[in-house]
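*Asks:* give me coordinates for this.
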Amino acid sequence: MNFIEKIKLDMHSSMKSKDELDTKVLRVLLAKLKETQINRGKNLTEQECISVIKTLVKQRKEAAEIYKKANRMDLSEKENSENKILSRYLPKMLTVNEIRKIVEKIIKENNIKSISQIGMAMPLIMKTGGGGIDGKIANQILRDILD
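*Replies:* Numbers count the residues shown, from 1 in each chain. As a prediction, this is how the structure comes out:
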């Protein structure tokens, strides 16, 4: 069973159990995956699906922060609830220490010595960590080490 089929099955289960929030979020997710699939003109790999989900999670986090600053806690909590549902489909994220080890390994293996080489290092770090690396954290660790 592929990634999209699993999401469809989960959506059908949430519809049967009348879980409106899960159903709504999974419908939006499936629509976004379908749209991406149509735009690319091919079936999505699991990694491409995860990338779409990460984008949706990031958007929800940003929206939750904006609502929080505007003192709209109801909307902020709604975004956070949706985020939890989407996060179930993401791989386990690596800890900061695990990310640091990967960054140090890439630096050593590729003889990276300066900040100007970040553009070369980041794709290698992200590829090595698969879908479990937070790019923002990896970039910050890389900058801290190279400074």
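
*Asks:* run a quick neighbour tally on T95.
*Replies:* Neighbourhood size, T95 [other Cβ atoms under 10 Å]: 11. To be clear about C-beta, it is placed using only N, CA and C from the backbone, and glycine gets the same treatment.

*Asks:* now do Y89
*Replies:* Counted with other Cβ under 10 Å, Y89 comes out at 20.

*Asks:* quick check: it touching I53?
*Replies:* Yes - using Cβ atoms under 8 Å, Y89 is in contact with I53, at 5.3 Å.

*Asks:* what residues do the two have in common as contacts?
*Replies:* L29 (Cβ atoms under 8 Å, 6 or more residues apart in numbering).

*Asks:* residues contacting M120?
*Replies:* Listed by Cβ under 8 Å, 6+ apart, the contact partners of M120 are N110, I112.

*Asks:* that one: which element?
*Replies:* Using DSSP states H and E, M120 falls within helix 118-129.

*Asks:* send me the very next helix or strand once past that helix as CSV with only the CA atoms.
*Replies:* Remark: after helix 118-129, the chain's next helix or strand is helix 135-146, criterion DSSP H and E. The C-alpha coordinates for helix 135-146 follow below in CSV (Å, rounded to 0.1, in the frame of the first residue of the first chain):
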residue,chain,number,x,y,z
GLY,A,135,16.7,22.1,7.8
LYS,A,136,16.6,25.2,10.0
ILE,A,137,18.3,23.5,12.9
ALA,A,138,20.9,21.8,10.6
ASN,A,139,21.7,25.2,9.0
GLN,A,140,22.1,26.8,12.4
ILE,A,141,24.4,24.0,13.6
LEU,A,142,26.4,24.3,10.4
ARG,A,143,26.8,28.0,10.8
ASP,A,144,27.8,27.6,14.5
ILE,A,145,30.5,25.1,13.6
LEU,A,146,31.9,27.1,10.6
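
*Asks:* cool, thanks, talk later.
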